[in-house]
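Visitor: I need the structure of the sequence given here:
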Amino acid sequence: MKVAVLGCGGLGRVHASIYAKMKDVELTGVCDLQLQLAHDLSEITGAPAYLSFEQMLEQAEFDVISIAVPSFLHKEYTLKAAKAGKHVICEKPIALHLEDAEEMIRCCEENGVRLFVGHVVRFFPDYVNMKRSLDEGKIGKACVAHASRIGSHPGDTKAWFKDFDKSGGVIVDLMIHDLDFLRWTLGEVTTVYGLNHCNDQLDYALVTLQFASGAVANVEANWGFPGPFQTKAEIAGNEGIVIANSLNSSSLKIQKAPSASEASAFVTIPESPGFQSPYELELQHFITSILTGSEAIVTARDAYKALELALAAIESVQTGKAVHLPLSKSFSSNA
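Guide: This is a model prediction of the structure:
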């Protein structure tokens, strides 16, 4: 399988470095408008460097392309790749507007290629085990969930993140990880309510989700946090609670409701952190899905639904009202 990478910034470097070491995968090109970035990545991976997608399309052979450019460019290059008959692995969010996401999905279907979107949290062991704990009934029926994802402001080094029209802000770019995870774990969302405080140094959002199951989740995202990047998540059921905290070395814990038969109410699930990169697991899974024709753990429709949740939160922020799903596309085109 021959693969190329468009975008040689942080995530593009991650994708390319993984492909360069992946069995049965040949990295045949890396591309960035900033030629120095492309050349640097070419030296690391051994793949030829290109200055434009069109040049790489003309001169390099590839079956799949990883698109790791700024969010507002996802639609443009996904459509170009699909029309050229290339499978697409696109970083999240799938797009900034629902109509764009729909067009991307439709274009890939019409051209007989697959579209995958990098909601990588589904490949983090702690989050996978949280979902498994719930699915296996270890904490009973889910009642309340909390998720938090906070770190420094990426706009301090890459200005486009501070342009809402290009990034969608902290909700679309960062919180969308947890919105996707919670929908994957707890099911469909019926109502969204959001709060957001944003200035040049800070973009903070707090969103409440009501699920069709009756569960409720509070989701926090923060760009501008002065400390280290960190994530936390917990799901409380009627028989226990499962907790993950990235600041703990062995972070996933299940606390059971006390029972007479249990000597200890606290159970720790050991995890081997970082043994295999979640990005490596994700990309290998996507490549395998292409080779076998199997459905991916996260589909393009899942990415569409995650974007819908993010845009519903933004609509709630702007109107001050709870938003009921499905989201009207008339709002999404103006978000």
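Visitor: Tell me who's in contact with the spatially closest residue to Gln201 that is not a sequence neighbour.
Guide: Among residues not flanking Gln201 along the chain, Gly224 sits closest, at 5.3 Å (C-beta to C-beta, 6 or more residues apart in numbering). All C-beta spots, glycine's among them, are computed from the backbone N, C-alpha and C. By C-beta atoms under 8 Å, 6 or more residues apart in numbering, the residues touching Gly224 are Ser152, His153, Gln201, Leu202, Asp203, Tyr204.
Visitor: so the last one touches Asn196, yeah?
Guide: Yes - distance between Tyr204 and Asn196: 6.9 Å, which falls inside the contact criterion (C-beta atoms under 8 Å).
Visitor: what residues are shared contacts of the two?
Guide: Val170.
Visitor: part of a strand, is Asn222?
Guide: Yes - assessed with DSSP: H, G, I helix; E, B strand; the rest coil, Asn222 lies in a strand.
Visitor: Tell me where this protein is predicted with low confidence.
Guide: In the predicted model of the chain, residues 249-275, 329-335 satisfy pLDDT under 70.
Visitor: can you give me the helices in it?
Guide: Taking DSSP state H as the criterion, the chain contains helices spanning 10-21, 35-45, 53-59, 74-83, 98-110, 125-135, 164-167, 169-170, 176-186, 278-292, 300-319, 329-332.
Visitor: Going by neighbour count, list what's buried in the first one.
Guide: For helix 10-21, a neighbour-count test (16 or more other C-beta atoms under 10 Å) marks Leu11, Gly12, Arg13, Val14, His15, Ala16, Ser17, Ile18, Tyr19, Ala20 as buried.
Visitor: From the contact counts, what lies against that helix?
Guide: With contacts taken as 3 or more C-beta pairs under 8 Å, 6 or more residues apart in numbering; DSSP states H and E, helix 10-21 sits against strand 2-6, strand 26-31, helix 35-45, strand 64-67, helix 278-292.
Visitor: now the ones you listed in TSV, with mean neighbour count?
Guide: Converted to TSV, those look like this (neighbours: other C-beta atoms under 10 Å):
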stretch	mean neighbour count
strand 2-6	27
strand 26-31	25
helix 35-45	17
strand 64-67	28
helix 278-292	18
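Visitor: Which one of these lies nearest to Arg132?
Guide: When the helices and strands packed on helix 10-21 are compared by C-beta to C-beta, helix 278-292 sits nearest Arg132, at 15.0 Å.
Visitor: Go ahead and name everything in contact with stretch 45-57.
Guide: 4-6, 16-17, 19-20, 27-33, 35, 38-39, 41-42, 59-60, 62, 77, 80-81, 84.
Visitor: How is this protein divided into domains?
Guide: Under the assignment automatic domain parsing, the domains of the chain span 2-119+280-300, 122-277+306-324.
Visitor: deepest of these, which one?
Guide: domain 2-119+280-300 (a mean of 20; mean count of other C-beta atoms under 10 Å).
Visitor: List the contacts of the residue nearest the centre of the chain.
Guide: In the chain, the centroid-proximal residue (C-alpha atoms, centre = their mean) is His119; its distance is 2.7 Å. For His119, the contacting residues are Lys92, Ile176, His177, Asp180, Phe181, Val298, Asp302, Ala303, Ala306, by C-beta under 8 Å, 6+ apart.
Visitor: From those, pick the one nearest Cys143.
Guide: Out of the contacts of His119, the member with the shortest distance to Cys143 (by C-beta to C-beta) is Phe181, at 17.1 Å.
Visitor: That closest one - nearest residue in space that isn't next to it in sequence?
Guide: Val121 (4.9 Å).
Visitor: Isn't the one you found up against Tyr127?
Guide: Yes - checked against C-beta under 8 Å, the pair Val121 and Tyr127 is within contact range at 5.3 Å.
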